[in-house]
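> requesting a structural model of the entry that follows:
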Amino acid sequence: MTAYSPSRLATYRDCPLRYRYRYHDRIKRDVQWVESFMGIRVHATLQKLYEDVRFGRLNGLPDSLAYYDRAWRENRTDSIVVTREGLAADDYRALGEKMIASYYGRYVPFDVDTTIGTEMNIRFSLDDEGKYRMSGIVDRLSRTAEDV
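Residues are numbered from 1 along each chain as shown. Below you'll find the predicted structure:
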């Protein structure tokens, strides 16, 4: 049974043929756009930051940037494509660092709420028979003091 997700539905809305190639035929891409590559590394860095805070450890900004840099270097391949003229992968790496630093500066010490979990899978039925289902991933679920 197919479970729909916001990203699957958006792909179909944007291009039904791309939906077919990706989800039905399961054709893999040979390349990865640098924006996606950078976003995944920034996302992983923030996930680690919140998971560590969840277990009582507050990483400093230099630690978070070192994690990002290490993740960038370890996952970098020749299949990453930069399409904007005049820009290189290192420009995107630096942009990711700037985003992390900005986020960190805005939310440190990360104590306005309590992280319950990160990357949590959710699934639910859209109809009584369970024929249509939605699924997704919650990046971070948290609660504030008022939610207790």
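> report the central residue of the chain.
By CA atoms, centre = their mean, the chain has its centre lying nearest to residue 43, at 4.3 Å.
> is it true that that one touches residue 119?
No. Using CB atoms under 8 Å, residue 43 makes no contact with residue 119, being 9.3 Å away. No exception for glycine: its C-beta is placed from N, CA and C like everyone else's.
> name the element the residue nearest to the centre of the chain belongs to?
Using DSSP states H and E, the element containing residue 43 is helix 34-54.
> buried residues in whatever helix or strand comes next after that helix?
Moving toward the C-terminus from helix 34-54, the next helix or strand (DSSP H and E) is helix 61-75. Using 16 or more other CB atoms under 10 Å as the test for burial, helix 61-75 gives 64-65, 67-68, 71-72.
> closest one to residue 136 out of those residues, please.
residue 71 (23.6 Å; CB to CB).
> and the closest one, what does it touch?
41, 44-45 (CB atoms under 8 Å, 6 or more residues apart in numbering).
> compare these and tell me which has the most neighbours.
residue 45 (27 neighbours; other CB atoms under 10 Å).
> from residue 118, how far off is that one?
Distance, residue 45 to residue 118, using CB to CB, to the nearest Å: 12 Å.
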